[in-house]
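Undergrad: Predicted model and sequence follow; I will ask about them next.
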Amino acid sequence: MCGIIGIVSREAVADRLIDGLKRLEYRGYDSAGIATIHDGIMDRRRAPGKLVNLAREVAAHPLPGAIGIAHTRWATHGAPTTGNAHPHATANVCLVHNGIIENFKPLRAEVIAAGCHLESDTDSEVVAHLIELALARGASPDEAVAQTLDRLHGAFSFAILFKQHPGLLYGARRGSPLVVGQGDGEMFLGSDALGLAPFTSRIAYLEEGDWVRLSADDVTIFDAAGGRVERPFITSSASAAVIEKGNHRHYMEKEIHEQPIVVAQTLGAYVDPLAETVALPAMPFDLASVKRVQIVGCGSALLAGQVATYWIEALARVPTSIENASEYRYRDPVYEEGGLCLFISQSGETADTLAALRHAKAGGQMVAAVVNVDTSTMARETQLLLPTHAGPEVGVASTKAFTCQLAVLAAFAIALGKAKGRVPAAEEARLVQLLEQVPAAMNAALGAEADILALAPALSRARDILYVGRGPDYPMALEGALKLKEISYIHAEGYAAGELKHGPIALIDEHVPVIVIAPSGPRFDKTVSNMQEVMARGGRVVLLSDAAGVAAHGAGTTAAITLPTVDPFISPLVTAVPVQLLAYHVAVAKGTDVDQPRNLAKSVTVE
Ligand code: F6R
């Protein structure tokens, strides 16, 4: 993954490069680095760990220079050390890279054989040497960049400096995003428009295979074949505002608490409360012709999709499957006429999901995407964009984007049901009324925070925790386990409650807490039976249910968390809140870095 930024200007760039990196840190935070050219030298500062370490280093050893590049890293090749931090430099070339060079091993052998000395374990450094070797053969910077790009397999974006050309900044993109920003007498490169938002809103998106030469006043873009091309500059809506935590200790806590508002905002775009109808954006295809839905995503987005499979099949009676984006295109999926592929992504940049979207589009499927970042690649490439209005999500663990995805998917299921003649007006009105109850119910669910907080210290001492649920509560169990493991580092698994007795029940003893998600409804009794099976084996149960469920079966559990009573249709949106709070408070009790947990990044732009 990684975030990259570059500036060619007439004024000092170091502070602004670091400001831009702050806005790209969601892409990785294993190490960071910056390079500028000044006084005839290429000068670097690099530091392992989060950006704050680099900022300290630059404050201690300032970097002058009116041209520079910078990088925040999510490690792929090589440990997150200073030596592996970008920028990587040779005598005359310095670059930052986002992506993976798949053929780096033969290229590495080639540059070593040519006498180059490699300082790092990264695939990226090899590219700097290839460019240096091209210069040594007499190539101009343009030629050296073009020749080197031709040699690379894999996904990448680059920002590149040449010591002998302190007025030129090069960029290239294939597979990983890169935007060009136009300022007043200065130019920018960035992984996204958000990183450049404090400096300019005039943005051009490079296309696959493009590379670009920037000077303070000029932009020259080339396509993969080396021909000059124009890419339109548009005014980006990315906000320059710094997102604050307010009174919250962490962004994740803030984002959990924002949910009633942002889910209401999102529903507002899909639901007409007066007419009691749902309305999707203008349709590029006929929903009534949809014969099959494949929902594709990664992580929490995939799990939001899994909840939606229940809604879509129940309301529209259209066969619906979920597909792990990283597996999807490699198993050569069957595309049929009437197939709709629905992609879900907060960032709109996740490499696996994006590649799957392109595969489905090329395969002639109808393509829709539920995306939070409306300037993202997926938002631009999908046929039907179904935006979530969660606002910027900073915490690495997805919370408000997840529930906004659920809100859009619920509305989509109703709309598809309507288009298929399965949801009559009276049923649509009933479902819309239920959706209208969601923000207040989420607010009420936040009221369970004190009870969850009280449980956290004991749970934080567990080595393993299981989550179980049935129906749509099964993906919610998976989501609970995912959230817990990513921010607390406690091993957690989610199971369909009925599946426990087919193996996982062997794990149960008094040391393995089991979180049972069982709101009242058609599956309640069956889930409670599975809960009793756990308790009969000495398991410690935390029951998440409503007042009736807790009254009926709270006795004998270690703890029972009472949630508002809601219709089963909207219960996943409500259950999400205690599931998130539980992960959050356990992580806080363990003292982990909640917003930036180890080894993760907010946007996963490598396969
Ligand atoms: C989990 C989480 C990740 C993301 C996944 C997909 O809390 O945040 O699992 O859901 O990486 O990211 P997007 O939605 O940006 O495609």
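TA: Sure, I can see it.

Undergrad: Show the contacting residues for the closest residue to residue 462 other than its chain neighbours.
TA: In this structure, residue 462 finds its nearest non-sequential neighbour in residue 513, 5.3 Å apart by C-beta to C-beta, 6 or more residues apart in numbering. Heads up, the C-betas are built off the backbone N, CA and C, glycines and all. Residue 513 makes contact with 458-459, 462, 465-466, 539-542, 558 under the criterion C-beta atoms under 8 Å, 6 or more residues apart in numbering.

Undergrad: Give me the buried entries from these.
TA: Neighbour counting with 16 or more other C-beta atoms under 10 Å marks 459, 462, 465-466, 539-542, 558 as buried within these.

Undergrad: tell me the pLDDT at residue 1?
TA: Residue 1 carries a pLDDT value of 68.

Undergrad: What of residue 172?
TA: So residue 172 comes in at 98 (pLDDT).

Undergrad: quick one: which of the buried ones among the contacts of residue 513 sit in helices?
TA: Counting by DSSP state H, the buried ones among the contacts of residue 513 place residue 459 in helices.

Undergrad: Distance of residue 607 relative to residue 107?
TA: Residue 607 is 19 Å from residue 107, where distance means C-beta to C-beta, to the nearest Å.

Undergrad: Have a look at the protein and report its longest helix.
TA: Max-length helix for the chain by DSSP H is helix 425-446.

Undergrad: Just to check, residue 16 is in contact with residue 7?
TA: Yes: using C-beta atoms under 8 Å, residue 16 makes contact with residue 7 at a distance of 6.1 Å.

Undergrad: Which secondary structure element of the protein has the lowest mean pLDDT?
TA: One helix or strand of the chain scores below all others by mean pLDDT, DSSP states H and E: helix 193-196, with a mean of 88.

Undergrad: From the chain's centroid, how far away is it?
TA: 16 Å (C-alpha atoms, centre = their mean, to the nearest Å).

Undergrad: contacting residues around residue 471?
TA: Residues in contact with residue 471 (C-beta under 8 Å, 6+ apart) are 310, 522-523, 568.

Undergrad: any idea how far it lies from the ligand?
TA: 21 Å (C-beta to the nearest ligand atom, to the nearest Å).

Undergrad: Likewise for residue 255?
TA: Residue 255 is 11 Å from the ligand, by C-beta to the nearest ligand atom.

Undergrad: Can you check my assumption that that residue lies in a helix?
TA: Yes: looking at residue 255 with DSSP: H, G, I helix; E, B strand; the rest coil, it is inside a helix.

Undergrad: So for it, what's the pLDDT?
TA: 96.

Undergrad: Three-state assignment for the residue of the stretch 1-150 of the chain found nearest the ligand, please.
TA: Residue nearest to the ligand within the stretch 1-150 of the chain (C-beta to the nearest ligand atom): residue 26, separated by 9.5 Å. Under three-state DSSP, residue 26 falls in the helix class.

Undergrad: contacting residues for it?
TA: With contact set as C-beta under 8 Å, 6+ apart, residue 26 has these partners: 3, 394, 396, 601-603.

Undergrad: can you rerun that using 10 Å?
TA: Counting by C-beta atoms under 10 Å, 6 or more residues apart in numbering, residue 26 touches 1, 3, 72, 191-192, 194-195, 347, 392-396, 595-596, 601-603.

Undergrad: Also residue 205?
TA: 173, 177-180, 192-193, 231-234, 236, 375, 377, 380.

Undergrad: Of those residues - the most surrounded one?
TA: Neighbour counts for the contacts of residue 205, by other C-beta atoms under 10 Å, peak at residue 192, which reaches 30 neighbours.

Undergrad: so where's the stretch 301-450 of the chain uncertain?
TA: For the stretch 301-450 of the chain, no stretch is flagged by pLDDT under 70.

Undergrad: Okay, domains of the protein per the record?
TA: 3-247, 253-438, 446-590 (automatic domain parsing).

Undergrad: so how far is residue 344 from residue 569?
TA: Where residue 344 is concerned, residue 569 sits at a distance of 19 Å (C-beta to C-beta).

Undergrad: Who has more neighbours out of these two?
TA: When neighbours are counted by other C-beta under 10 Å, residue 344 comes out ahead of the other of residue 569 and residue 344, with 34 against 22.

Undergrad: is stretch 369-379 anywhere near the ligand?
TA: No: Stretch 369-379 stays clear of the ligand (C-beta under 6 Å from any ligand atom), getting no nearer than 7.4 Å.

Undergrad: Give me the pLDDT value at residue 247.
TA: 85.

Undergrad: Could you export whatever helix or strand residue 150 lives in as PDB, CA atoms only?
TA: Assigned by DSSP states H and E, residue 150 belongs to helix 141-151. Output of helix 141-151 as PDB, limited to C-alpha atoms (Å, rounded to 0.1, in the frame of the first residue of the first chain):
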ATOM      1  CA  PRO A 141      15.100  11.300 -17.600                       C
ATOM      2  CA  ASP A 142      12.000  10.900 -19.900                       C
ATOM      3  CA  GLU A 143      13.600   7.900 -21.600                       C
ATOM      4  CA  ALA A 144      15.000   6.400 -18.400                       C
ATOM      5  CA  VAL A 145      11.500   6.500 -16.800                       C
ATOM      6  CA  ALA A 146       9.700   5.100 -19.900                       C
ATOM      7  CA  GLN A 147      12.300   2.300 -20.400                       C
ATOM      8  CA  THR A 148      12.200   1.300 -16.800                       C
ATOM      9  CA  LEU A 149       8.400   1.200 -16.500                       C
ATOM     10  CA  ASP A 150       8.300  -1.100 -19.500                       C
ATOM     11  CA  ARG A 151      10.400  -3.600 -17.500                       C
END
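
Undergrad: now the helix or strand following that helix, how far from the centre of its chain.
TA: Counting by DSSP H and E, the element after helix 141-151 in chain order, helix or strand, is strand 154-162. Remark: strand 154-162 is offset 22 Å from the chain centroid, using C-alpha atoms, centre = their mean.

Undergrad: Just the CA atoms of strand 154-162, as PDB, please.
TA: Output in PDB follows, covering the C-alpha atoms of strand 154-162 (Å, rounded to 0.1, in the frame of the first residue of the first chain):
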ATOM      1  CA  GLY A 154       2.900  -5.800 -10.900                       C
ATOM      2  CA  ALA A 155       1.200  -2.800  -9.400                       C
ATOM      3  CA  PHE A 156       2.800   0.500  -8.700                       C
ATOM      4  CA  SER A 157       2.700   4.200  -8.500                       C
ATOM      5  CA  PHE A 158       5.900   6.200  -8.200                       C
ATOM      6  CA  ALA A 159       7.200   9.700  -7.600                       C
ATOM      7  CA  ILE A 160      10.700  10.200  -8.800                       C
ATOM      8  CA  LEU A 161      13.400  12.900  -8.500                       C
ATOM      9  CA  PHE A 162      16.600  13.300 -10.600                       C
END
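
Undergrad: Enumerate the positions of that strand that are buried.
TA: 154-162.

Undergrad: from these, which single one is nearest the ligand?
TA: Distances from the ligand to the buried residues of strand 154-162, taken by C-beta to the nearest ligand atom, are shortest for residue 155, at 15.5 Å.

Undergrad: Next up, the contacts around the residue nearest to the closest one when sequence neighbours are not counted.
TA: Distances taken as C-beta to C-beta, 6+ apart put residue 175 closest to residue 155, at 2.8 Å, once the chain neighbours are dropped. For residue 175, the contacting residues are 98-100, 154-157, 208-209, 351, 354-355, 605-607, by C-beta under 10 Å, 6+ apart.

Undergrad: With residue 545 instead?
TA: 516-521, 524, 527-528, 531, 551-554, 557, 560-563, 565, 575.
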